[in-house]
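In: Any chance you can model this:
(2 chains)
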Amino acid sequence: MTEATHSQALEAQATDPQGPAIEAKALTKVFSDPKRGKIAAVQDLDLTCNYGEVMGLLGPNGAGKTTTLRMLSTILAPTRGTATVAGADVTNDPITVRERVGFLSGTTGLYPRLTAKEVLQYFGRLHGMDEDTLGQRLEVVVKAFDLNEFLSGRCESLSTGQRQRVSIARAVIHDPRVLILDEPTTGLDLLAASDMIRFVESRREEGRCVLFSTHVLSEAERLCDRIAIVHAGRVLAVGTPQELREETKEEWLEDVFRAFVARADQTLTSEADNL
Amino acid sequence: MASQQRLHATLRVAAKELRETLRDRQTAFTTLVLPICMYPVLFWVMVQGFLVLQGQKERTEVRVGVINQESVPEDLLRALDKGQDEDEEYQANRLVLVDLGAQEDVPRAELLEPQGEDSSPGDPPLAGVLSFAPQGAQLHVNRSEPKGELTEGRITSRLARHVDQLREQAAQEGGYSPTALEPLRLERKDVGPESDKGALILAMLLPMLLVTMCVMGAFFPAVDLSAGERERGTAETTLLLPIPRLWVLQGKVLAVASLSMIATSFNLLALGISAEGLLATLLQGSSITINLPWQSLLAIAPLTLLFALFAGATLTAISGLARNFKEAQAMLGPVQLLFIMPAIAGIMPGIDLTPGLALVPVLNMTLAAKSMLLGKILPLEYTLVAISLLISGWLALNLAVRLLSREAFATSSATIPLRKLVSFLRSDGDASR
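Out: Model (predicted):
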């Protein structure tokens, strides 16, 4: 990609910041397992996230959070349904989606034999940045994530916290308007986790959209403008923490979550009985 | 514009993969150093191949022209050509005599040329020319041709046996000691140039080595860049690159092929440096000279590059099925043999580059290298080899793309067994993503 293409991509993102940053409709992912047959990891998921908003996907392990985020970042192709991220369709235009989105998860490792700087340059160049733009952007992320000390160190020699900082820098080197984070604080110590939380807050202040998954309720409560409660591949409820509390008449988010899951399980049981 | 973009992205990926691979001590060692340590094993394989080759030699028929055949005693001709129905040894080592008539003034080397004056276009060329005179027999062969040595061996042993019989018979009749008699003396003359003999030895050795070096050079990088990536947890990171997955894989295969070429060049250089001392020891007392034919090797280089791309794509595709480095190594072991066995077959005498064989991958590379080292000019066959390797490489790249663009490549933590390859290929995946 050329400099012009990169500029056009950024411009396209900037010209339509009013529309939804992420819009998923009936998004479904079915996996084939040789032993268990077909498994629907995500079923008819509807979700909308806006610019300047932090949206949390809250759910237990196996709820379908990671699969949803992987579909939105084009790592997986949806089986059914549609989704647009930063104005591009994840099925028909996955490369544009990848140009406009920053994705980070526990499984997006850093190339161990490259230095932190080389990783950032590699992604920046493949995002079509020319050397001047890349140099300027490098300065920004190095300062923002305090990478200077270990910028020339190979990623394999970095500590967990340092690696996490480089990974975030990798995800935002192209200055994406949409950021998708899969359990970003898992495995981090307290200091690194609070750095991550501050980073998410800063992205919101810059008018970016952040969609992240977590099963840490306190984190969701502190960060999220809205929360989507996900269970068994379905979205059970979406709303601000206050709206969710009001709906369930519960005070603590943990109880709110339990109430929605219990309600969903009840519905599923009665549906099964009717069959 | 799009193709330029594609080229830039592919080259960036290839450069990154090369840098990363060369920084890994294990891969660098196994790519550049291990092949040299593997030479003793290769020589053992060659000895085994030689034994097979001996069997092949026995089945090879040779044609020998005889000057003035009508003037040669019947019993002598029978001794050379006899007993095809009676004697098992003679039956295996077939020797066909061709009457050349009077050819006293014609240089013998000319008679040995393919499609000589007295041969019909369909006849294979003569492997030797035999002439008899009162003072003895003369055999002209070209020892730089595989059949030349065969012919010399067969004629010599058959004449020796016949001479022994004559000697015994005469000694019995006249009361002489058999050792005092010499009824027929055989003079052997080689019409082949000395340098050709060295070329023949190299033609037997280098094509197989080239294929082996290429495959071994591609082995570890292929594993490292596919299964290794899964093991290191960077497969998902690579899938996030804002370019089509096909370009990423092209970059990876290009990196594997480049490393294979680097390893091959390194090996050849090491072989060239040590050849003088090593081969001089082996060929002590011989007039044969061996020089690494750098010009021929340069001519072979484009084909070697195509072969390296083919091998790189195949090995990358297969190792992509494994979840980690160790399992990929186990998986590629038999695949490696699939490359090396045809290479061994290709150096056997009697198997030459034909338009048909030029289409058989791996075998065609060995045969083309052999022909080029022997200085044969076969434009049609070489072109066919290049086309065949290009098509094979393209097919292998597509297989790699189909395999490594599967979602399972990024998401599954299990090794996909080779037997499930077809069903795996049918599962979801799109290289354009």
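In: OK, now which residue of the stretch 151-300 of chain B is nearest to chain A?
Out: Of all residues in the stretch 151-300 of chain B, residue B:233 sits closest to chain A, at 3.7 Å by CB to the nearest CB. Backbone N, C-alpha and C define where each C-beta goes, glycine included.
In: SS state for the nearest residue to that residue once chain neighbours are set aside?
Out: Once its chain neighbours are removed from consideration, residue B:233 has its nearest residue in residue A:109; the separation is 3.7 Å (CB to CB, 6 or more residues apart in numbering or on different chains). Three states are possible here, and by DSSP: H, G, I helix; E, B strand; the rest coil the one that applies to residue A:109 is coil.
In: Share the number of residues neighbouring residue A:109, please.
Out: Here the count is done by other CB atoms under 10 Å in any protein chain shown, and residue A:109 has 18 residues near it.
In: so what's the backbone phi/psi at it?
Out: phi -70, psi 170 (degrees, to the nearest 10).
In: what residues are up against it?
Out: Taking CB atoms under 8 Å, 6 or more residues apart in numbering or on different chains as the contact definition, residue A:109 lies against B:232-234, B:236-237.
In: could you redo the last one with a cut-off of 10 Å?
Out: Under the criterion of CB atoms under 10 Å, 6 or more residues apart in numbering or on different chains, the neighbours of residue A:109 are A:155, A:163, A:167, B:229, B:232-238.
In: and if you look at residue A:212?
Out: By CB under 10 Å, 6+ apart, the contact set of residue A:212 is A:54-58, A:65, A:69, A:104-105, A:179-185, A:196, A:200, A:219-220, A:223-224.
In: for residue B:262, same thing?
Out: Residue B:262 touches B:18, B:22, B:31-32, B:217, B:221, B:308, counting by CB under 10 Å, 6+ apart.
In: thinking again about what came up before, restricted to helices, list the contacts of residue A:212.
Out: The subset of the contacts of residue A:212 located in helices under the criterion DSSP state H comprises A:65, A:69, A:196, A:200, A:219-220, A:223.
In: ok, which stretches of the stretch 151-275 of chain A are helices?
Out: When assigned using DSSP state H, counting those that start in this stretch, the helices of the stretch 151-275 of chain A occupy the ranges A:160-172, A:190-205, A:217-223, A:241-248, A:253-274.
In: do the stretch 251-400 of chain B as well
Out: Listed from the start of the chain, the stretch 251-400 of chain B has helices (DSSP H, counting those that start in this stretch) covering B:294-319, B:325-346, B:363-373, B:379-404.
In: Now the second one: buried residues?
Out: When burial is assessed from 16 or more other CB atoms under 10 Å in any protein chain shown, helix B:325-346 yields the following buried residues: B:325, B:327-329, B:331-332, B:335-336, B:339-340, B:342-346.
In: tell me which of those residues is nearest to chain A?
Out: With CB to the nearest CB as the yardstick, the closest approach to chain A among the buried residues of helix B:325-346 comes from residue B:325, at 13.2 Å.
In: what's the spacing between that closest one and residue B:24?
Out: Separation of residue B:325 from residue B:24 (CB to CB, to the nearest Å) stands at 11 Å.
In: Chain A next: which of the contacts of residue B:262 are close?
Out: Among these, the ones lying near chain A by CB under 10 Å from any CB of the partner chain are residue B:22.
In: now, which of the contacts of residue B:262 lie within helices?
Out: The members of the contacts of residue B:262 that map onto helices under DSSP H are B:18, B:22, B:217, B:221, B:308.
In: Find the residue ranges of the stretch 51-200 of chain A scoring beneath the pLDDT cut-off.
Out: In the prediction, the stretch 51-200 of chain A carries no residues with pLDDT under 70.
In: Enumerate the positions of the helix or strand hosting residue B:155 that are buried.
Out: Element membership for residue B:155, per DSSP states H and E: helix B:146-174. Of the residues in helix B:146-174, B:146-152, B:154-155, B:158-159, B:162-163, B:166-167 count as buried by neighbour count, 16+ other CB under 10 Å.
In: Repeat that for stretch A:94-113.
Out: In stretch A:94-113, the ones that count as buried by 16+ other CB under 10 Å are A:94-105, A:107-113.
In: filter the contacts of residue A:212 to the buried ones?
Out: For the contacts of residue A:212, burial is judged from neighbour counts taken by 16+ other CB under 10 Å, and it is met by A:54-58, A:65, A:69, A:104-105, A:179-185, A:196, A:200, A:219-220, A:223-224.
In: Assign a three-state SS to residue A:28, would you?
Out: Applying three-state DSSP to residue A:28 yields a three-state assignment of strand.
In: I'd assumed residue A:45 was in contact with it.
Out: Yes: the pair residue A:28 and residue A:45 passes the contact test of CB atoms under 10 Å, sitting 7.2 Å apart.
In: which one of the two has more residues nearby?
Out: Set residue A:28 next to residue A:45 and count neighbours by other CB under 10 Å: residue A:45 wins out with 25 against 18.
In: ok, the more buried one touching residue A:232?
Out: No: Residue A:45 is not in contact with residue A:232 according to CB under 10 Å; the separation is 11.3 Å.
In: so how far is the first residue of stretch A:172-180 from its last?
Out: End-to-end distance for stretch A:172-180: 10 Å, by CA to CA, to the nearest Å.
In: helices and strands around the helix or strand where residue B:238 lies, which ones?
Out: Under the assignment given by DSSP H and E, the secondary-structure element containing residue B:238 is helix B:235-239. Using 3 or more CB pairs under 10 Å, 6 or more residues apart in numbering or on different chains; DSSP states H and E as the contact definition, the elements that helix B:235-239 packs against are strand A:101-104, helix A:160-172, helix B:2-22, helix B:227-232, helix B:245-282, helix B:379-404, helix B:407-411.
In: could you pull out the helices for the stretch 1-150 of chain B?
Out: For the stretch 1-150 of chain B, applying DSSP H, counting those that start in this stretch gives helices covering B:2-22, B:25-28, B:34-37, B:39-58, B:74-81, B:88-92, B:108-112, B:146-174.
In: I'd like the average pLDDT over the first one.
Out: Looking back up the chat, that one is helix B:2-22. Taken as a whole, helix B:2-22 carries a mean pLDDT of 90.
In: to the chain's geometric centre, what's the distance from it?
Out: 32 Å (CA atoms, centre = their mean, to the nearest Å).
In: Single out the residue in the stretch 51-200 of chain A that lies closest to chain B.
Out: Ranked by CB to the nearest CB, the top residue of the stretch 51-200 of chain A for proximity to chain B is residue A:109, at 3.7 Å.
In: Give me the distance between that residue and residue A:119.
Out: In this structure, residue A:109 lies at 10 Å from residue A:119, with CB to CB as the measure.
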